[in-house]
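S.K.: Mind folding the following:
(2 chains, ligands or ions: 2)
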Number of protein chains: 2
Amino acid sequence: MDQLSIHVQLTNHPKEKPAFDQLSFGTVFTDHMFTMDYTEGKGWHDAKVVPYKPITLDPAAIVFHYGQTVFEGLKAYVTQEDEVLLFRPDENMKRLNRSNERLCMPAFDEELALAGLRKLIQIDKDWIPNVEGTSLYIRPFIFATQPYLGVAPSKTYRFMIILSPVGAYYKEGINPVRIAVESEFVRAVKGGTGSAKTAGNYAGAMKAQEVAEAKGYSQVLWLDGKEHKYIEEVGAMNVFFKINGEVVTPSLNGSILEGITRKSVIELLQHWDIPVTERQISMEELFEAYESGLLEEAFGTGTAAVISPIGELFWQDKKLVVNHGEIGELSKKIYDTMTGIQTGKLPDPFEWRMKVEL
Amino acid sequence: MDQLSIHVQLTNHPKEKPAFDQLSFGTVFTDHMFTMDYTEGKGWHDAKVVPYKPITLDPAAIVFHYGQTVFEGLKAYVTQEDEVLLFRPDENMKRLNRSNERLCMPAFDEELALAGLRKLIQIDKDWIPNVEGTSLYIRPFIFATQPYLGVAPSKTYRFMIILSPVGAYYKEGINPVRIAVESEFVRAVKGGTGSAKTAGNYAGAMKAQEVAEAKGYSQVLWLDGKEHKYIEEVGAMNVFFKINGEVVTPSLNGSILEGITRKSVIELLQHWDIPVTERQISMEELFEAYESGLLEEAFGTGTAAVISPIGELFWQDKKLVVNHGEIGELSKKIYDTMTGIQTGKLPDPFEWRMKVEL
Ligand SMILES: Cc1ncc(COP(=O)(O)O)c(C=O)c1O
Ligand SMILES: Cc1ncc(COP(=O)(O)O)c(C=O)c1O
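M.R.: Numbering: from 1, shown residues only, chains lettered A, B, ... in the order given. Ligands and ions are numbered 1, 2, ... in the order given. Below is the predicted model of the structure:
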């Protein structure tokens, strides 16, 4: 699959670019987008880069009714040498195909999608912000388009990639967040869709977030759906704890999203010879570690924030203040290393970066 | 709220109507649709009936990414006297608002929505099929329209109602279905979104359905997400069992959809003085009843099929053949009574029908 098979149509009306030092998240989109269509019997076809424009769908399109849709999120960075770097984009495409599988949606050619992404970025390269902490957020997504009210997998789909220049996640230094441990709502359960990146998981999670925010917390810590005992994720991030010198993260049990930042952090810790374990960890155990003074650090991992230190956990009327509410030494080191690799400031011993030819 | 506040724009290009004796489900739509928009700060506005036409949305609209969307399904019937009847439409609007609540979506005025629905049906009344067993399927739905990639409730929404003339569910008499008891996948869990009618529940359920179909079963029987022991629903229907003269259906536990057919069947049975209980029921208990010869009938309930008798349940390599694979006496009586009331052939002692003035 080469980029020649991707048809390009450029816009005649380039938009005005926003000020790169005043960007927020996910509100501004670039001049172009990548699209590709699927038709049963024919497969994926018509891969192209076209001007960013509205989607037009029949009101009966399956995505509106039965939510067959999957997505990804990753970032492109421009280096001080004006090179454009993607962070492990092949992992995102692999995960997108795994999500497809769970949602009865058709697999796509990952190489072709990556070629489409590179082509799109080449065309919209001037939209990549170059201010410290900013990046170009990339949103590949696929949705069911067949107009049909029967509950069955769609026979037609659309694959799209849109791009959004986003501001620095931490505008005033990394401030640890206060997290409420969720005791009523459940994000996902084994046998459900939790390990897929699909719309319904996020719609279902909004209520808990709303309740937590009303109580002054910025995210929820999700517990397992069966026993409400074991730690799963934090907001839309994976979660890590440093307990008595060891790093622990919940193992992939079928309801947790397999984060690419999570995977990278584990590889980084192993590289540093810092003990890291993927295993089941209960809130009870975490609380005991806290009580014994052994809970040293806690942080979330995800593409948006990279590392989000946790300063406080609220659980059953108990407050667990982690590291005096400040970012821990290891969290900081991971953050600096990860963002250093992503932005080209540090070497890339793991070959995580993919350079986009301009 | 009166119907005068609903603006009407009629089509200039009425479509050709399908042959009413050859209809399938959910593929053909009428000439018009009802729409209404929500804007934060302004509330719901611009209620109108307009020609059926495509939806145009920004690619970043929240519905495509985070699945904030809810829906309903109900039916209109034309009687032998050419009256148009709706079956408990107020219950659907109430449930739609309950679904809204779970999905952090704004409540709407149920009276206004019902007025909009009546107006729409008046305009498209010639689309209501009059062949035995057919009906006009009604699909109200609401979805998030704000172009924003942050995971947060949308600030704008659209409410729509579309109509689809549908064929008889049972074209050759009621044939009981063969059901596989699902042991791996989970539809919903307490604390999740199972009791809301929202897209993600249906997307997540397709995989189990696909696996069951490949094994020759037409639907799955869902067990609870915690212990995989207790019976929840069958496909997209509620489920009832007649055991030793008593009717039992799983109680509303937070993960089961509160079906309007379910509710009506319970009221009907009570009216007939047939013992009916809403309670937890395990697959183990059902199997024991079967072994002792006490499992007399089993059926699903839902708007599409009304009553769907279960002829066989496949569970852990065991086959439970119910009533020799034939429709039971009580199932048949419920079916005849429910459809008789719905279509105006029988009196309506419960005042379930709403007549649409033409
Ligand atoms: C539910 C959930 N968990 C975890 C993550 C972290 O994954 P990643 O590190 O690949 O961004 C995400 C998304 O980014 C997510 O949506
Ligand atoms: C999951 C599910 N359960 C049960 C039902 C039955 O509900 P009702 O009788 O209101 O149609 C439906 C839908 O119709 C459903 O989608």
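
S.K.: from here on, contacts and neighbour counts on C-alpha atoms
M.R.: Will do.

S.K.: which residues touch residue A:268?
M.R.: residue A:334 (CA atoms under 8 Å, 6 or more residues apart in numbering or on different chains).

S.K.: Check the gap between it and residue A:350 for me.
M.R.: 9 Å (CA to CA, to the nearest Å).

S.K.: Can you pull the phi/psi pair for the closest residue to ligand 2 within chain A?
M.R.: Using CA to the nearest ligand atom, the closest approach of chain A to ligand 2 is made by residue A:151 at 9.2 Å. Note on residue A:151: its backbone torsions stand at phi -80, psi 100 [degrees, to the nearest 10].

S.K.: quick one, what contacts it?
M.R.: When contacts are counted by CA under 8 Å, 6+ apart, residue A:151 touches A:66, B:202, B:206.

S.K.: Residue A:68 - nearest residue in space that isn't next to it in sequence?
M.R.: residue B:203 (5.0 Å; CA to CA, 6 or more residues apart in numbering or on different chains).

S.K.: phi, psi of that neighbour?
M.R.: phi -60, psi -40.

S.K.: so it touches residue A:65, yeah?
M.R.: No - applying CA atoms under 8 Å, one finds residue B:203 not in contact with residue A:65, separated by 9.0 Å.

S.K.: of those two, who's got more company?
M.R.: Between residue B:203 and residue A:65, residue A:65 has the larger neighbour count (other CA atoms under 10 Å in any protein chain shown), namely 31 against 28.

S.K.: and the more buried one, what element?
M.R.: helix A:62-66 (DSSP states H and E).

S.K.: Mind checking if that helix is in reach of chain B?
M.R.: Yes - residues of helix A:62-66 are located near chain B by CA under 8 Å from any CA of the partner chain, namely A:63, A:64, A:65, A:66.

S.K.: ok, now how distant is the first one from residue B:142?
M.R.: Computed as CA to CA, the residue A:63 to residue B:142 distance reads 12 Å.

S.K.: likewise the last one?
M.R.: Spatial separation of residue A:66 from residue B:142 under the definition CA to CA is 12 Å.

S.K.: can you pull out the helices in the stretch 101-250 of chain A?
M.R.: Under the criterion DSSP state H, counting those that start in this stretch, the stretch 101-250 of chain A contains helices at A:110-123, A:199-214.

S.K.: thinking again about what came up before, need the pLDDT of the residue of chain A closest to ligand 2.
M.R.: What the model reports as pLDDT for residue A:151 is 96.

S.K.: Could I get the contacting residues of the closest residue to residue A:191 other than its chain neighbours?
M.R.: Nearest-residue entry for residue A:191: residue B:185, 4.0 Å, with adjacent residues in sequence omitted and distances by CA to CA, 6+ apart. In this structure, residue B:185 makes contact with A:190, A:191, A:192, B:205, B:208, judged by CA under 8 Å, 6+ apart.

S.K.: would you turn those into a markdown table with pLDDT, neighbour count and distance to residue B:256?
M.R.: Listed next are those as a markdown table, based on pLDDT from 0 to 100; neighbours: other CA atoms under 10 Å in any protein chain shown; distance: CA to CA, whole Å:
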| residue | pLDDT | neighbour count | distance to residue B:256 |
| --- | --- | --- | --- |
| A:190 | 97 | 20 | 17 |
| A:191 | 98 | 19 | 16 |
| A:192 | 98 | 24 | 15 |
| B:205 | 98 | 26 | 13 |
| B:208 | 98 | 26 | 17 |
